[in-house]
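A.B. asks: following is a predicted model, sequence given first.
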Amino acid sequence: MKKMFKWLLLLSIIVPPISSSQRLWEITPQYVNYVAVRGDTSISNLKQLVIEGKLGSALDAAILLAYNRGDTEKEFILSHMRSWAYKDTFPLGIGKYFYYQYIRGYLGEQGAISGMDTIIRYEGIRDRLTKLRAIELLAGLGIYNYFNTLLIFYNSGGYIKERTIPVMGMYGRDYRYRNEIRSMLENYIRTEPELWKRWNPVRALATFDKPYTISLLDELFRTSSGRERENYFQKLHEYDPEGQPERTMWVVPLESDEHLRLRFYPYDWDIFESGMYSDRYIKPFFIKFAKEQAGSETSDLVKYEVLRYVYHFKPKRPSPTEPVITILDTLINTNHQVATYNWLGDNTFVNELGNHLTSARNFLVVGDSLGCAKQIFAFQKKVNEEYRDSLDGDTRTINREGWKFLYYNAEYLLERLPGIVTLPSSVNTGWNMISVPVDASSYIKSELYPNSTSNAFMFYAGYVRKDTLENGIGYWLKFGSSDTIKYKGFSIEIDTIDVVAGWNMLGSISSPLDTSKIRSIPNGIILSKFFGYN
């Protein structure tokens, strides 16, 4: 064996149709590549190291040069690497030869396929890891001609077996080997005594048969216990997040360990905005389960955390691309669902809400978005007012969960419909004369002015404290610092306000108005100028 592969060319593989300029695979420079060139990635230094051809730094320089300048330096890189690849006899030259083919493929040279095939088939090469890397690269191109070699590596055990498993997963995409590989990986998962070693074959199985992987993991989750069951649960979160709420509902009543029981719940409501968990965990069916389970919970710790979750959850905001009609249908279905849970009180109230939603959909279907918005706004106000009345002991109740599902889903819909305005208004430190200049969804003082430091006072033969405000009336309100209030609702462009003899505090409409245009009924009863307060 004089020279490495001058006399050896194997053409017994099927080459897929790939353009000569198309990369066969990608390369990603690693930290060690930069260390080998001492951090000097200038083109001149990299080319000099390639010319010198030293085993370590030359390969690293070639990788970096191909990655950064492969389009302009292709011929330079390949011509010098070609001289390395055929220079040394086995086994010294195998690393250089592999990387020559590796970079050839990255630069779009089809001959790299035959080069990798040579590495795999030539029995004089004993470096199994290099052979395996070549098999993996070709599998990425859809070339699955080396299954028997993979079986040898897999059955050899140890590190090479673990490294072979992901490539087995790639070969599972080929119908010729799918059933055999599925059986091998399933057997490994079921019989491996060390739990952490099962995840490698799980990942491999999922690459070609995800539904079977989920089914297997779900079976093992339901037949195991303790920490092992909890580990299967966490792994299922990776492959089937949408099915997790039902698994939580199944396992929580069975789990005796309070700390494990808690780990089957999502750990906080705000994770859903990040997409880490399925938003099915904040659908009515699961909130109902969590609330009821907390009622029978024996652990104070678990009960506290679950109730905290139920208290703080908020329905997820829909995607910006989701059609308005879909968001409205979701609200209609949610309204029906929370009604079946008896979260909305009597049938009269349920029917009132349903009528608003039916009208809203009818308006939307005929293209009247403003009409739709007004119905949704009326729906939201009714939900909000009823919830506030319920807090005051009204017999027609709506609980907190029902209110949140309906109020926020209506809010998300209103954000996508026309008609709602947001009016900013500045307030100063200390007392301010204010009013509500829009048709708002809520008139509760604490919701309109969460940063205020006093009660709201209206004037009616003296000052009267008010917790719920109204349009058309002025109020005194104190703030600890200057602030900008943002009023949100339908604009009010005209209004008629009742007055009494003497001084009155009048509220504003949504647009500035010259006081000369204000009219009285009957005419002539306005006896003073208009005064504000600063």
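C.D. replies: Structure's in. What do you need? Numbers count the residues shown, from 1 in each chain.
A.B. asks: distance from the helix or strand residue 112 falls within to the middle of the chain?
C.D. replies: Per DSSP states H and E: residue 112 is located in helix 111-121. Its chain's average C-alpha position is 42 Å from that of helix 111-121, according to CA atoms, centre = their mean, to the nearest Å.
A.B. asks: so after that helix, what's the next helix or strand?
C.D. replies: Next along from helix 111-121, by DSSP H and E: helix 128-139.
A.B. asks: can you point out the buried residues in the helix or strand that comes right after that following helix?
C.D. replies: Note on helix 128-139: by DSSP H and E, the next helix or strand toward the C-terminus is helix 147-155. Within helix 147-155, the residues that count as buried by 16 or more other CB atoms under 10 Å are 147, 149, 150, 151, 153, 154. For glycine as for every other residue, the C-beta is placed from the backbone atoms N, C-alpha and C.
A.B. asks: what about the residue found closest to the last one once you drop the neighbours it is linked to in the chain, neighbour count?
C.D. replies: Just to be clear, that refers to residue 154. The shortest distance from residue 154 to any non-neighbouring residue, by CB to CB, 6 or more residues apart in numbering, is to residue 164 (4.7 Å). By other CB atoms under 10 Å, 26 other residues sit near residue 164.
A.B. asks: pLDDT of the helix or strand containing residue 164, averaged?
C.D. replies: For residue 164, the host element (DSSP H and E) is helix 158-171. Across helix 158-171, the average pLDDT comes to 95.
A.B. asks: neighbouring contacts of that helix?
C.D. replies: For helix 158-171, contacts defined as CB atoms under 8 Å, 6 or more residues apart in numbering pick out 128-129, 132, 135-136, 139-140, 144, 147, 150, 153-155, 177, 181, 184-185, 188, 197, 200-201, 203-208.
A.B. asks: check which residues of the next helix or strand after it are buried.
C.D. replies: Sequence-wise, the next helix or strand downstream of helix 158-171 (DSSP H and E) is helix 178-191. Neighbour-count burial for helix 178-191, with 16+ other CB under 10 Å as criterion, is recorded at 181, 182, 184, 185, 186, 188, 189.
A.B. asks: distance to residue 516 and pLDDT for those - can I get that in JSON lines?
C.D. replies: Output for those, formatted as JSON lines (distance: CB to CB, whole Å; pLDDT from 0 to 100):
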{"residue": "181", "distance to residue 516": "86", "pLDDT": "98"}
{"residue": "182", "distance to residue 516": "85", "pLDDT": "98"}
{"residue": "184", "distance to residue 516": "89", "pLDDT": "97"}
{"residue": "185", "distance to residue 516": "84", "pLDDT": "98"}
{"residue": "186", "distance to residue 516": "85", "pLDDT": "98"}
{"residue": "188", "distance to residue 516": "87", "pLDDT": "97"}
{"residue": "189", "distance to residue 516": "83", "pLDDT": "97"}
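A.B. asks: any idea where the strands of this protein begin and end?
C.D. replies: 420-427, 430-434, 438-440, 456-459, 463-466, 475-479, 483-491 (DSSP state E).
A.B. asks: closest to residue 398 out of the ones you listed?
C.D. replies: For the strands of the chain, proximity to residue 398 was assessed by CB to CB; strand 438-440 is nearest, at 18.9 Å.
A.B. asks: contact partners of the closest one?
C.D. replies: Around strand 438-440, the neighbours that count as contacts under CB under 8 Å, 6+ apart are 377, 421, 423, 448, 471, 487, 488, 489, 490, 491, 492, 510.
A.B. asks: what's the mean pLDDT across it?
C.D. replies: The average pLDDT within strand 438-440 is 85.
A.B. asks: pLDDT weak spots in the stretch 101-250 of the chain?
C.D. replies: For the stretch 101-250 of the chain, the stretches with pLDDT under 70 are 124-125.
A.B. asks: tell me which residues are up against stretch 287-304.
C.D. replies: Stretch 287-304 has contacts (CB under 8 Å, 6+ apart) with 249, 252-253, 258, 261-262, 265, 306-307, 309-310, 313, 341, 401, 405.
A.B. asks: filter those to the buried ones?
C.D. replies: Neighbour counting by 16+ other CB under 10 Å classes 252, 261, 262, 265, 306, 309, 310, 313, 341, 401, 405 among those as buried.
A.B. asks: let's have those in TSV, adding pLDDT and distance to residue 438.
C.D. replies: Below are these laid out as TSV (pLDDT from 0 to 100; distance: CB to CB, whole Å):
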residue	pLDDT	distance to residue 438
252	96	45
261	94	47
262	93	44
265	92	40
306	94	38
309	92	34
310	92	32
313	90	28
341	94	33
401	94	28
405	96	25
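A.B. asks: of all those, which comes closest to residue 413?
C.D. replies: Set against residue 413, the nearest of the buried ones among the contacts of stretch 287-304 by CB to CB is residue 405 (12.7 Å).
A.B. asks: of all the residues in the longest helix along the chain, which ones are buried?
C.D. replies: If you go by DSSP state H, the chain has its longest helix at helix 55-85. Within helix 55-85, the residues that count as buried by 16+ other CB under 10 Å are 57-67, 70, 73-74, 77-78, 80-81, 84-85.
A.B. asks: what is the distance between it and the centre of its chain?
C.D. replies: Centre to centre, stretch against its chain (CA atoms, centre = their mean), the figure for helix 55-85 is 41 Å.
A.B. asks: now it: average pLDDT?
C.D. replies: With pLDDT averaged residue by residue, helix 55-85 scores 88.
A.B. asks: show the contacting residues for the residue lying closest to residue 60 once chain neighbours are set aside.
C.D. replies: Excluding the flanking residues, the one nearest residue 60 by CB to CB, 6+ apart is residue 36, at 3.6 Å. Going by CB under 8 Å, 6+ apart, residue 36 touches 56, 57, 59, 60, 61.
A.B. asks: if you set the cut-off to 7 Å instead, what comes out?
C.D. replies: Counting by CB atoms under 7 Å, 6 or more residues apart in numbering, residue 36 makes contact with 56, 57, 60.
A.B. asks: and the pLDDT for it?
C.D. replies: At residue 36, pLDDT is 88.
A.B. asks: from residue 98, how far out is it?
C.D. replies: To residue 98, residue 36 is 16 Å away according to CB to CB, to the nearest Å.
A.B. asks: please consider this matter closed, and thank you.
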